[in-house]
Structures are given as C-alpha cells and as structure tokens.
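Undergrad: okay, predicted coordinates and the sequence, questions at the end:
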Amino acid sequence: MKKTSIVLLALTYLTASFTFAQNKTGKKAETAERTINIDFRQQKGPLNTMFKECVGAGRANEGLRADWQQQLAYVKKECGFRYIRMHGLLTDDMAVYKEDKNGNPEYNFMYIDVLFDFLQSIGMKPFVELGFMPGSLASGNETIFWWRGNVTPPKDYDKWSALIRALAQHFTERYGTDEVKTWYFEVWNEPNLSPGFWSGTQQDYFKLYQYTAQAIKKVNKDYRVGGPATAGAAWESELIDYCHQHKVAIDFISTHAYGVKQGYLDEFGNAGTVLDKNPMSVSGDVLQSRKEIAASPIPDLELHYTEWSASYTPSDPIHDSYHEAAYVLQKLKQVGDAANSMSYWVFTDIFEEAGPRFTPFHGGFGMLNIQGINKPVFYAYQFLNRLGNVELVNKDSASWACKDASGNTQILAWDFTNTHPGDSVHNQNYYIRDLPSKPKGKLKVNLSNVPDGMYALEVYKVGYRSNDAYSDYLLMGKPSQLNRQQVEQIKKQNDGSPLSREIITIKNGLPFSKELDIRENDVFFLELKAL
C-alpha cells in the first residue's frame, strides 16, 4: 500500500455557509460553517517557505550561553529556520576591536568564531547584522539597552572600513568563499530611530552604509550586503536612490514592522501598546515595501523583514498569549510572495535588552520562555515547517494546502480574531488576563482523491488552554519563580501531544472529511497517516 500522510492544520476565518441547530427554547440558532475543499491532484506550484528563512535573537553575546544554544538547536530542529539574525556582533562584550597606545587597531574574532561555529554545527547560517560600534572606534558615548550597545558613528570611517574588511576576510578564511556567498550582511539596526539606535543623521547612515558595502565587496563582489534595517519600513526608497546615484552596491532591502499602533522603542513596556485593528497591519507594510522596490531604479532587489511580531516591546503579554499563534499565521499568509524572508523576533526569552528578567512569563518576544517552555507561537512555526514543498490549489484565504514528493498531504488553516477592546486598554492590561475564547462555529475539511487505505488520524490543537502555557501559569497563581517541578508540569501539559487519535478507512475513491468545533484563535493540526 502506498504511504500517504496528510497534515491538516486549522484555525478559523469563516467563509460562508450556515447550518441551523435547535436551542433550548426551540428556536433555530445560526451556526457558522467554514468549509475547505482540497483536491490531492491539483497543484498550484512550489511552496514559498519565506516564513522559515530567518529568525531573530537578542544579541550575539547571549549566543555564547549553553541554554541559548540548546534552545536554538531545538527550534532549528522543530521549525526549520535557515538563518539567524541578532544585534551586538561588534559590541565590546564580543571583544572584537581595540586600539593600542598609538591608536593602531587590534582585531579579535575568537568570540564570534565560537558563536558562528555553533551555528554551522546545527546547520544554520548567520544573517550578519553589522553593529553596534566598538567603544574604541566610537565617536561618542551614547548607548542603548542594559548591555550598552554604542550607537554613535565611527570616529574614523577608514578604520571602520578596515574592520569590516578584516571581518569579511576572516569569515572567508574560516568558512570558505562559497559558504559566505550564501550569507547576508546587513548594515546596522534601525538607524531611523534617533535618539535610540543611531545618534547620527540619515546622511551619516548612508555614509556608513557606503563604507561598509565597499569594504565587503572588496573581499568578494558576490557577498551580499544591504539595509537600511529601519523601523517601520522607513528609508527604503531613499537608500535605493542613494546607492543608484552614487554607484554603491546593494543586494537587498531590509526593514521591520510590528502590529501595534504607536511607538517604536520601549524595552520596558511602560508606554503601553495597543494591537492594531487594521486587518492589514504588518502585512500592508510588506506589500508596500515590495511596491516601492518595484518602482525603484533597482526593481529586483530582495526584500527581507529582519524583525517582525505583534509588538515591538519585550514587555507585551500578547507574545505569551495563544492569540499570537493565530496572529502570526494570519500575517504570513497575507504577505504572500512579497518578502524573501520574514524573521520572527525572536526565538527565545533569553533576551536582555531591558536586563535579565525576573519572572518566567513577562511578555518576552520569544517562542520559548527562559526555561524552554513552548509558547503557542512555537507550534505555529512547527506546523508551518511540516508543510510539503508543493502547494495545492486552495480557495480558502486563510489556509495552506500542500503535499511533498512522497505524496504526503498537509493542510494548514486558521482564524485570527482580534478580540482586543481598543485604544482604551493597553496590551499590558489585556493579554495578561485569562481570556477564554468564544465559539466560531464549525470547520469542515474535505479532501478528495486520497489513495484508498487505512489511516491513523491524529488531531492536535493550539488555543485557549490547549498548548497554552501562559494560561497554565495563570492557573498556578502566577508565581514569580517556577521550581523544577512546576516547569516540568507546564512543559508536560503543553508538549504538543495529539488531542485524539482514531483509525479510519478510505475506499472507493470517496473523499475524506473531518468536522471540528472551532473557537476564536484556535489552531488545529490533523495528520492522516497511512498504516
């Protein structure tokens, strides 16, 4: 019997048929039913896997920690990310640059080697963010974050250029030209936030970009360099125009977007954030970026969103909430083919922009908390990684249907319901609560032309109190510290085990159907395995 395995992942976005059920008063109550019809034989084309091209991390020095490395290896295995991007590669805690008493530069790449060697060992590549400024090379003392990344321009652009050239040459000697050609070199981080990540002007940044790009291309013209790595999709057209007019190399545009309405920099969450009710938040920025590139003098540039999430602050409880899984799936689907990568910010709560955190769930960016507990968003990416490499024809606007070369078939579908009450309530006061989900009706999946045979059907769920670690943490009374037994209890209750398992038979070419009760922001994963 030919092996066929089908993965169906579902959430809710209601398409339109209705059935009627009798309620206790005898009146007919309307129940929404969403139906997804998929034909195993109808192919759309190769699946765009931009969602797992890259993932973020806090800063390079954190990557020297054993627990950080263990969590990244786990996330790589389960979610399939290819690249990782982080801040602080050139910051003083990475011991890259100093000058002798005569002002002559001295380089040291040993810390970077330890980090990048580890990435190589687990099959990941660096998306190299070049920043921040080494103290001995800085023109000023302005810093950002608890770990004091220097955000000033170089005191000497020629010395900066020499450092970048030496670094690129070192990478070439250690990892080989062919390997480094597959990397990306991104100049700085969010230079449009001044004060904040850059103390200079836009023209100062363009000068930094020019010196950096020229240094990298002197080592190898095929090494990829880009920017401006801005917050809020800013400076894209301006950088392209600058590079075009001054004949400066640029291989990609990078920028960032978050789904809250206000602000750009708030590591403590004190300003208060509000999830945007605009249904095209984040994704609308990505689509606009692609339009700007297409209309520019260099219309074929790659587009990389090297940071994105629901919120820009690592003190926003939406990151811990089950709502985040549905949100991520919704936005990635809306982006379509507009971006070459969408790098979720970040993979772990081992993240110290605001300093070490004192509670196990604090609204951190991570897919995993500090103790390695899977958050709901982790499962969104794990399920995405299980999609096959061929996309099937699918008229449902909030799902993917795929199969792979072995004939296995997968369906990923969701509903995102923005339940946020609006501007009067901050995320910090809303998503920190116990938030039961409301019914959204029925989800029915019809799959035709599946080969006859016996199958094991496994059903998985992510949603309110299903692989929802934060809700279990609330039920524990929100202890400020978790002991070993409590960590293991939460992990066990949220380990991604199937909700149910049954044996079914498909014969005579009849379609397979499965109906589920679905609630706001539920995620279902169904796998049909040939026996």
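TA: Arrived safely.

Undergrad: ok now stretch 405-413, how far from the chain's centre?
TA: The gap between where stretch 405-413 is centred and where its chain is centred comes out at 22 Å by Cα atoms, centre = their mean, to the nearest Å.

Undergrad: quick check: end-to-end length of it?
TA: Stretch 405-413 has its terminal residues 21 Å apart, counting by Cα to Cα, to the nearest Å.

Undergrad: excluding chain neighbours, what is closest to the residue nearest the centre of the chain?
TA: When the chain is reduced to its mean C-alpha position, the closest residue under Cα atoms, centre = their mean turns out to be Tyr344, at 1.6 Å. The spatial neighbour of Tyr344 that comes closest, neighbours along the chain excluded (Cβ to Cβ, 6 or more residues apart in numbering), is Val55 at 5.5 Å. The way it works is simple: take the backbone N, C-alpha and C, and place the C-beta from them, glycine included.

Undergrad: does the one you found touch Phe81 like I think?
TA: Yes: the pair Val55 and Phe81 qualifies as a contact (Cβ atoms under 8 Å) at a distance of 4.4 Å.

Undergrad: who touches both of those two?
TA: Common neighbours of Val55 and Phe81 (criterion: Cβ atoms under 8 Å, 6 or more residues apart in numbering): 75, 347.

Undergrad: compare the two and say which one has the larger neighbour count.
TA: With neighbours defined as other Cβ atoms under 10 Å, Val55 and Phe81 compare such that Val55 has more, 29 against 25.

Undergrad: mean confidence (pLDDT) on the helix or strand harbouring the more buried one, please.
TA: The secondary structure element spanning Val55 is strand 54-59 (assigned by DSSP states H and E). This predicted structure assigns strand 54-59 an average pLDDT of 98.

Undergrad: over to stretch 79-87?
TA: 98.

Undergrad: got the contact list for it?
TA: Residues from elsewhere that reach stretch 79-87, judged by Cβ under 8 Å, 6+ apart: 49, 52-60, 62-63, 72, 75, 119, 124-129, 131-132, 149, 184, 186, 189, 306-307, 341, 343, 347, 367, 378, 381-382, 384-385.

Undergrad: of those, keep whichever come out buried.
TA: Members of the contacts of stretch 79-87 that pass the buried threshold by neighbour count (16 or more other Cβ atoms under 10 Å) are listed as 52-60, 62-63, 72, 75, 119, 124-129, 131-132, 149, 184, 186, 189, 306-307, 341, 343, 347, 367, 378, 381-382, 384-385.

Undergrad: what sits up against the strand or helix carrying Ile253?
TA: In this structure, Ile253 is located in strand 252-258 according to DSSP H and E. Residues outside strand 252-258 that contact it (Cβ under 8 Å, 6+ apart): 184, 186, 190, 224, 226-236, 239-240, 281-282, 285-286, 289, 293, 301-312, 340, 345.

Undergrad: now the element after it, going C-ward?
TA: Downstream of strand 252-258, the next assigned helix or strand under DSSP H and E is helix 283-294.

Undergrad: what's the following helix or strand after that following helix?
TA: Along the chain past helix 283-294, the next helix or strand (assigned with DSSP H and E) turns out to be strand 302-309.

Undergrad: show me the contacts for His244.
TA: For His244, the set of contacting residues under the criterion of Cβ under 8 Å, 6+ apart consists of 296-298.

Undergrad: need phi/psi at it.
TA: Main-chain torsions, His244, degrees, to the nearest 10: phi -70, psi -40.

Undergrad: mind giving me the packing neighbours of the strand holding Val55?
TA: When contacts are defined as 3 or more Cβ pairs under 8 Å, 6 or more residues apart in numbering; DSSP states H and E, strand 54-59 packs onto helix 66-79, strand 83-87, strand 302-309, strand 341-344.

Undergrad: one more pass at 6 Å, please.
TA: Here strand 54-59 touches strand 83-87, strand 341-344, going by 3 or more Cβ pairs under 6 Å, 6 or more residues apart in numbering; DSSP states H and E.

Undergrad: how big is the angle separating the first one from strand 252-258?
TA: Which is strand 83-87. In terms of direction (axes from the mean of the first three to the mean of the last three Cα atoms, to 10 degrees), strand 83-87 departs from strand 252-258 by 70 degrees.

Undergrad: can you check what angle separates strand 83-87 from strand 302-309?
TA: Using the same axes, to 10 degrees: strand 83-87 against strand 302-309 is 60 degrees.
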